[in-house]
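Participant: Please find the sequence and the predicted model below.
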Amino acid sequence: MLAWHFLSEDKRLGYGDGRLVEVGATLECKGDPILCDNGMHGSVRLIDALRYASGPIVCRVKIEGDVIEGDDKLCGRRRTVLWMLDATQILHEFACQCVEDALALVEQPDPRSVAGIEAKRKWLDGKITDEELDSAWQSSWGAAQDAAWSARATALVAQAAARAVAQDAASAARSASWDASWAAAGDVAGNAAWAAAWAARAAAQDAAWAKQNARLTTMVMQAHEKEGV
């Protein structure tokens, strides 16, 4: 079964395994596959794989052997990487777009939240420093705290979006390591999806996640085709 899986920057398996993952190589688990406990895991949707990611290396994989399927992941005895890509830049840009989706639901979004996204993009382009990005985070977090005092639904959306920007910027500014950067991007994506779906509840939430999954998949596939990896 085709699936998606993320690796840390060293391209080694986690949870004490330590084996190096290489394109074309098949790795097998010891013992029987048990979802969430043992086996070679992955997710059919890229957005779901992101929730379990340990780093920025996205892999297109094939999972075989006594495959067990769950709600947002699956596992089997063997996993083969068909191709892999460093998605660091992609995930940061994806995070910005998700927050913009959430802010689009607000009639008059707090300028500090908007400025937080603009600062993040400047940081990605190398136009501002980590310190300047951290300053933008402080302002965005202030917007979140202001929104927290309002009972209106739009304020809740603004709060979640601003909080997402704040955490994203703060984590990225504190460290150049991917562990911080990925956690930031993943947190932004998750919070923004929740915020965008708040008013319409479950149905809209599913639609929002589907939209974001399609967006992220397109971004990754375009980068893969461009690099020819």
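Facilitator: That came in fine, so what should we check first? Numbers count the residues shown, from 1 in each chain.

Participant: drop to CA atoms for contacts and neighbour counts, all remaining ones
Facilitator: Noted.

Participant: From Glu100, how far out is Ser43?
Facilitator: From Ser43 across to Glu100, the span is 26 Å (C-alpha to C-alpha, to the nearest Å).

Participant: so what does the host helix or strand of Lys226 touch, helix or strand wise?
Facilitator: Secondary structure assignment for Lys226, by DSSP states H and E: helix 201-227. The contact analysis (3 or more C-alpha pairs under 8 Å, 6 or more residues apart in numbering; DSSP states H and E) places helix 201-227 against helix 46-51, helix 88-103, helix 178-197.

Participant: between Ser43 and Glu100, which one's more packed in?
Facilitator: Ser43 (27 against 18; other C-alpha atoms under 10 Å).

Participant: The more buried one: what's its closest spatial neighbour, skipping adjacent residues?
Facilitator: Counting by C-alpha to C-alpha, 6 or more residues apart in numbering, Ser43 lies nearest to Lys73, which is 4.2 Å off, once chain neighbours are set aside.

Participant: what comes up buried for the helix holding Lys226?
Facilitator: When neighbours are counted by 16 or more other C-alpha atoms under 10 Å, the buried residues of helix 201-227 are found to be Ala204, Gln205, Ala208, Trp209, Gln212, Asn213, Arg215, Leu216, Met219, Val220, Ala223, His224.

Participant: Run a quick neighbour tally on Lys30.
Facilitator: Applying other C-alpha under 10 Å, we find 10 residues neighbouring Lys30.

Participant: And it, how far from Ala208?
Facilitator: Relative to Ala208, Lys30 is positioned 37 Å away (criterion: C-alpha to C-alpha).

Participant: and the helices and strands packed on helix 201-227, which one's lowest on average pLDDT?
Facilitator: Here the helices and strands packed on helix 201-227 differ in mean pLDDT, and the lowest is helix 178-197 at a mean of 48.

Participant: low-scoring pLDDT stretches of this structure, where are they?
Facilitator: By pLDDT under 70, the low-scoring segments of the chain are 141-202, 229.

Participant: Outline the domain layout of it.
Facilitator: For the chain, automatic domain parsing gives the domain ranges 2-86, 89-226.

Participant: Which residues does the helix or strand hosting Ala3 contact?
Facilitator: Ala3 is located in strand 2-7, with elements delineated by DSSP H and E. With contact meaning C-alpha atoms under 8 Å, 6 or more residues apart in numbering, strand 2-7 is reached by 13, 41-46, 49-50, 52-63.

Participant: Among those, which ones are in helices?
Facilitator: With helices taken from DSSP state H, the overlap with those comprises Leu46, Ala49, Leu50.

Participant: Name all residues that make contact with the spatially closest residue to the second one that is not a sequence neighbour.
Facilitator: It stands for Ala49. Spatial nearest neighbour of Ala49, chain neighbours left out: Ser43 (5.1 Å); criterion: C-alpha to C-alpha, 6+ apart. If a contact means C-alpha under 8 Å, 6+ apart, then Ser43 has Ala3, Trp4, His5, Ala49, Asp72, Lys73, Leu74 as its contacts.

Participant: So what's the residue count around the first one?
Facilitator: So that's Ala3. Residues near Ala3, counting by other C-alpha under 10 Å, number 21.

Participant: what does the last one give?
Facilitator: Other residues within reach of Leu74 by the criterion other C-alpha under 10 Å amount to 22.

Participant: Please apply the same query to the fourth one.
Facilitator: Counted with other C-alpha under 10 Å, the neighbours of Ala49 add up to 21.
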